[in-house]
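> Below is the sequence, then the predicted model.
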Amino acid sequence: MLMSMNADARNRMVTTWQHQRDARDARIEAGSRLAHGKIVEARDATRLMEAVIRPGDRVCLEGDNQKQADLLSGALLAADTAKVHDLHMVQSGVVLPEHLDLFDHGVAKRLDYAYSGPQSARIARMLFGGKIELGAVHTYLELFARYFIDLTPHVALIAAVSADREGNLYTGPNTEDTPTVVEATAFKDGVVIAQVNEIVDKVPRVDIPADRVHFVVKSEKPFFVEPLFTRDPAAITEGQILTAMLAIKGIYAPYGVRRLNHGIGFSTAAIELLLPTYGEKLGLKGKVATHFALNPHPALIPAIESGWVQQIHSFGSEVGMDDYIRARSDIYFTGPDGSLRSNRAFCQTAGLYACDMFIGSTLQIDLQGNSSTVTASRIAGFGGAPNMGADARGRRHPSEPWLKAGLEADPESPPPLRRGRKLVVQIGETFGDKNVPLFVEKLDAIELADKLNLELAPIMIYGDDVTHIVTEEGVANLLLCRNADEREQAIRGVAGYTCVGRGRDRNAVEQLRQRGVIRRPEDLGINPLDADRSMLAARSIKDLVRWSGGLYAPPSKFRNW
Amino acid sequence: MEDLSFQHKARSRAGGSKQTAIIGVVASGNLEVLVERVLPGVECRLEIKTAATGFGEVWDAVVADFVERHSPGGLKFSINDGGARPDTVSLRLAQAVRLIEENGQ
Amino acid sequence: MTAPIKHTAQSWAERAGTTSFNEASARTRLELLLDAGSFVEFIGPEQREVSPHLRIFDLPEQFDDGIVVGRGRLNGSTVFVAAQEGRFMGGAFGEVHGAKLIGLLRAARQIKSIPVLILFDTGGVRLQEANAGELAIAEIMRAVMEARTAGVKVIGLIGGRSGCYGGGGLIAGCCSALAVSEPGRIAVSGPEVIETNRGVEEFDSRDRALVWRTMGGKHRRLLGAADVFTDDTVEGFRDAALELLGLIEPFGLDRLKAEQVRLADRLRSFGACADAVDIWAAEGVAHAEMVPELPADQFIALANNIGRTSRDAR
């Protein structure tokens, strides 16, 4: 940098410590020529990009898990690559095709991100093909953390619902990452550009104060957001119901898990729908599943309506749930305007430190219990799971489940020095989609690391963080395993008829069962033939609408009326 | 399609007196099991037509465990399989035995 | 081993009242629709009358070829029944599947005094058995008309996930009367076919609210294409069948002519309407756009208020 400056500039650098502030002011000045106050017309959005962004900038494009600043990403894609090139993109989610087109077109060169679900196949191809220089794949909270240390954006391109003419923003139910992105950018001399659905006289509530926002662009259509957390109860299978029953009776009940996070999936949706029925029958209401770090899952509506849930903090929102949330402010976090206020950074922190259990699904589990969603041709990134699904060693406050798990893991230590453990549960059927086995000898992630020359294989959850594995064959408690061999047999012992499962040492597995390390359905008093869809509190999306008193408005693709 | 056939001797004859029972639907990931009480003694037979080829070993393991667990002596199982997972197969076989052992004609 | 909890807990009547017709298998629908234990199957699965064609395509067969036929009792009176399994090949008609229904209808025609309930759940004709399937549809339609001429009441019950499409829709149009539920759909061409042929502006098949407004149970009831609307339970369909059995009147040439007049009137009244909501509004429904959100009992009251569309045409 120093080399390319002239003498004046170098003199200035020597005598001032506000170089970045000057640079920011210059960018704003350049952009202001296109603006009336802070407002820039949509048709000038690309020229705004060219005015404000410098080659090699770190740009944060929202890119959240749910909402997408699609007008701004399109505008950036159309920029003149003579003026805007070799950008370093730092964003939570690589979701829209445009996010990868930026690399194809030479607008962007380097990428640090957390999640790439919808683009998992294309991003894999582009990484293998060398079209993207990869910084690293992170968890959300980890990436947010780096926004404040070494990945601070020069420019943030964000999405909001509405703005007033001063630039105060309402981000509404899908607030998600925005406060975090803006905090890091605005307070470190960056420029914040927001696309909004509309410009109003007064925003319903101020989610982002105006002095952090430099430009506002009104889009013709609302920002892109898709339902990601809606699972149709009609699709839940008997196998998933059985795993859910095993989880509730085999883990939720004995540990007394009140504070938790559910990863998205059909098994956890089944758990949510079994609380008012099976959970009720077991007398667990009020004793488990009372406080959630969770997006507004429609499948949790029956449990909420039945009085199971005290409080939920959310990472983002979910399409169709707005009216229900407004009417249930006792449960959800809402602003003075009545709508949901989500916040991914705080919810991830809550999942890390204030929850006693994470339970979720994955695509592959190996013999040590390491799990990954990476396959040979798809790289989905990490999202939030590694953060939620990890023991939080910085935690200090005790709770019953945490201490009980800690005792199981380490019965020898003296109690005052014996830390607790967060319950980290992997749940799923032994064979997944297209009958692909869940359990493998070697993760595809290892092969991928080799191919891409990564220092670390992309492991979602490490085996030494996993405390339990639940399949239709039973519950394996890895806390009670004393060595790697026991761990391996415990895993094989619930791996069903996969190759891994059929490779079990029958005697070893039987001994583990005697010790309670493995518990089969009948050991828990569960008859697999009872895992019946009639147990679900709601069996269709329509049932969920009924449970909500008509407040839940499912998106079109879930309707059959 | 692949045809598979297994023969076992169960511990005892299956209970109940119903002569036939049927459970399940042939669809992707599902199967139908027709069970008939037509074999002598503790003999048990499974005839399988499956859309998922090459899984003979897995069927062998599933069937062996099923016979051990449920003692379906005297029963012949005829299966049309649309590529169901092993645990779905186990479930349907158990459901079939429960049905044929149920009271009723 | 723990005793299964399901069967002791719920009686047949309880199960009929709480089981979703939409979700249930063909056999479960019959088990809970008919008087407990009264069902006797004809050409059951143990006969192994399977499709002679599917093997050629390396496709799995089903022992009953996707349709269960037989007789049972409804409140003590004998009925013939046929229930399509919508999850086997989309409930589509094949050679054997069609033949079982034709045989049932011809038997009804001979006997004259036993009504026939057809539980439709079909996407139409199986592509793999196209010629045989199309022939079966034609033979079934003829058999329905001959049975009706002989005095047999032929009732269609429509509420399965495959809907009642293609040739099934044609057969349904020949029945004495139809009962439908909200998830049920009745049409000939399917949503994707319309979109492919007419474009997405004409019909966006992914707009499921549009699909149901156009082809779904509530619209069919309000339009008069179905006679009775029921909640999505097997008990609801049972009650609907009983109601229809009591309402169907004798069939003859006069009735056919009256139906022609009714259909011509309908086309005249609503032919210019662009959307079902316009039809409902034209029929005098207040807040027509709210119809899809109405719970079953309110909708039934609304539909009855508009005036029972004359079924005597069928």
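On my side now, so go ahead.

> Phi and psi next, for A:G316.
A:G316 adopts backbone torsions of phi -150, psi -160, taken as degrees, to the nearest 10.

> tell me the contacts of it?
Listed by CB atoms under 8 Å, 6 or more residues apart in numbering or on different chains, the contact partners of A:G316 are A:D64, A:N65, A:Q66, A:K67, A:P173, A:N174, A:T175, A:E176, A:N295, A:S342, A:R344. All C-beta spots, glycine's among them, are computed from the backbone N, C-alpha and C.

> Neighbour-wise, give me the winner out of those residues.
Within those, A:E176 tops the neighbour count with 31 neighbours, counted by other CB atoms under 10 Å in any protein chain shown.

> So that residue is in contact with A:G63, correct?
No. In this structure A:E176 lies outside contact range of A:G63 using CB atoms under 8 Å: 10.0 Å.

> which residue ranges form the helices in the stretch 1-150 of chain C?
C:6-9, C:12-18, C:26-33, C:95-111, C:130-149 (DSSP state H, counting those that start in this stretch).

> The second one - contacts with which helices or strands?
Read that as helix C:12-18. On a contact count with 3 or more CB pairs under 8 Å, 6 or more residues apart in numbering or on different chains; DSSP states H and E, helix C:12-18 meets helix C:26-33, helix C:234-247.

> how close does the nearest residue to C:D231 once chain neighbours are set aside get to chain B?
Counting by CB to CB, 6 or more residues apart in numbering or on different chains, the nearest residue to C:D231 once its immediate chain neighbours are dropped is C:A296, at 3.9 Å. Taking CB to the nearest CB, to the nearest Å as the measure, C:A296 and chain B are separated by 27 Å.

> how many neighbours does C:A296 have?
C:A296 has 17 neighbouring residues, counting by other CB under 10 Å.

> How about C:G217?
As a burial measure, C:G217 scores 28 neighbours (other CB under 10 Å).

> So for it, what pLDDT did the model give?
pLDDT recorded at C:G217 is 98.

> residue contacts, it?
Contact analysis of C:G217 by CB under 8 Å, 6+ apart lists C:I158, C:G159, C:V180, C:S181, C:E182, C:P183, C:G184, C:R185, C:I186, C:A226, C:F229.

> Tell me how far A:G335 lies from A:P298.
Separation of A:G335 from A:P298 (CB to CB, to the nearest Å): 22 Å.

> Compute the number of surrounding residues for C:E202.
9.

> would it count as being in a strand?
No. Counting by DSSP: H, G, I helix; E, B strand; the rest coil, C:E202 is not part of a strand but coil.

> rewinding a little: wait, which of the helices and strands packed on helix C:12-18 is closest to chain A?
Closest to chain A of those is helix C:26-33 (CB to the nearest CB; 11.1 Å).

> Let me see the ranges of the strands in chain B.
In order along the chain, chain B carries the following strands (DSSP state E): B:2-9, B:20-24, B:31-37, B:43-50, B:75-81.

> want to throw these into a markdown table with distance to A:V182, mean pLDDT and mean neighbour count?
Formatted as a markdown table, the strands of chain B follow (distance: least, CB to CB, whole Å; pLDDT from 0 to 100; neighbours: other CB atoms under 10 Å in any protein chain shown):
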| stretch | distance to A:V182 | mean pLDDT | mean neighbour count |
| --- | --- | --- | --- |
| strand B:2-9 | 59 | 97 | 13 |
| strand B:20-24 | 55 | 97 | 22 |
| strand B:31-37 | 54 | 98 | 24 |
| strand B:43-50 | 57 | 98 | 20 |
| strand B:75-81 | 55 | 98 | 23 |
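
> I'd say C:S20 and C:D232 touch.
Yes. Contact criterion CB under 8 Å: C:S20 and C:D232 qualify, at 5.4 Å.

> Where does the prediction get shaky in the chain?
Picking chain A for this. Along chain A, segments meeting pLDDT under 70 span A:1-5, A:7-14.

> that answer is for a different chain, and I need it for chain C
C:1-9, C:307-314.

> If we use 80, what do you get?
Chain C contains residues with pLDDT under 80 at C:1-10, C:307-314.

> show me what contacts the nearest residue to C:V234 once chain neighbours are set aside?
Nearest residue to C:V234, sequence neighbours excluded (CB to CB, 6+ apart): C:L32, at 4.1 Å. By CB under 8 Å, 6+ apart, the contact list for C:L32 reads C:W12, C:R15, C:A16, C:T19, C:A24, C:V234, C:E235, C:R238.

> Cheers, nothing more for now.
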